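# Here is my input, please return the structure:
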Amino acid sequence: MKRLLTALFFGAFTMMMVAQNDAPQLEYVVELKVKCEGAYQVGQTSHGNRFIIPIVGGTFEGPEMKGVVLPGGADYQLQDQATGRTEIEAIYSIRTDDGVNIHIRNKGLICTGTDKDGRPQFYFRTTPQFEAPQDSKYAWLNNAIFVCQPSTGSNDGSICLKIWKVK
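Numbering: from 1, shown residues only. Purely as a prediction, here's the structure:
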């Protein structure tokens, strides 16, 4: 019996691994337009130069969800000016049009510098992690990896975040 269970386990595991040998694909999920204002600097700390950017609102929309960005979150940035590297962690919440609150923790990097040929480079990517109520139609957000490509918004202090699910 033990051999049979072991064989079944390894057979199932092998089939799952074969199914996952393909390169991951991306599925578009949502675009957030997050409004920020009043950035302030803590200053040079033992970890780097700390900035905090309050999140004061915004909107979001995608194929399966739509709503508003709630005020009260912030984008915490830790800059290393010597390397041109900034670690970011934005912590905030959204509310869907049907009244469901979802918490987001979005971590990532901004890197500036030059490539091997001396050309300027700019890299800005994040990995949002969602916490949605388990009993909601958004519970699927809890069980996936997401990637985000941020870009600047309009002149109103907003940033656009396009998010994809890794399949």
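# only C-alpha atoms for contact and neighbour calcs from this point on.
Fine.
# Check which element follows the worst-scoring helix or strand of the chain on mean pLDDT along the chain.
Counting by mean pLDDT, DSSP states H and E, the chain has its least confident helix or strand at helix 2-19, which shows a mean of 61. Using DSSP states H and E, the helix or strand that follows helix 2-19 in sequence is strand 26-36.
# Output that following strand in PDB, but only the C-alpha positions, please.
Extracted in PDB, the C-alpha atoms of strand 26-36 (Å, rounded to 0.1, in the frame of the first residue of the first chain):
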ATOM      1  CA  LEU A  26       0.500  36.900 -18.300                       C
ATOM      2  CA  GLU A  27      -3.200  37.700 -18.100                       C
ATOM      3  CA  TYR A  28      -4.200  41.400 -17.800                       C
ATOM      4  CA  VAL A  29      -6.100  42.000 -14.500                       C
ATOM      5  CA  VAL A  30      -6.600  45.700 -13.800                       C
ATOM      6  CA  GLU A  31      -5.200  49.300 -14.100                       C
ATOM      7  CA  LEU A  32      -5.100  51.500 -11.000                       C
ATOM      8  CA  LYS A  33      -4.800  55.200 -11.100                       C
ATOM      9  CA  VAL A  34      -3.500  56.000  -7.700                       C
ATOM     10  CA  LYS A  35      -3.500  59.600  -6.500                       C
ATOM     11  CA  CYS A  36      -0.600  60.700  -4.300                       C
END
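# Name the residues of it that are buried.
Judged by neighbour count (16 or more other Cα atoms under 10 Å), strand 26-36 contains these buried residues: 29-36.
# Pull the contacting residues for the nearest residue to D156 once chain neighbours are set aside.
In space, and not counting its chain neighbours, D156 is closest to K35: 7.3 Å by Cα to Cα, 6 or more residues apart in numbering. Listed by Cα atoms under 8 Å, 6 or more residues apart in numbering, the contact partners of K35 are 55-58, 156-159.
# again, only using 6 Å
K35 sits next to 55-58, 157-158 when contact means Cα atoms under 6 Å, 6 or more residues apart in numbering.
# can you give me the strands for this protein?
26-36, 40-45, 48-62, 65-69, 73-80, 85-96, 101-114, 120-131, 146-152, 158-166 (DSSP state E).
# Strand 26-36 and the shortest one, what's the angle between them?
Read that as strand 65-69. Between strand 65-69 and strand 26-36, the angle comes out at 20 degrees (axes from the mean of the first three to the mean of the last three Cα atoms, to 10 degrees).
# Same check on the fifth one?
When the same axes, to 10 degrees is applied, the directions of strand 73-80 and strand 26-36 differ by 100 degrees.
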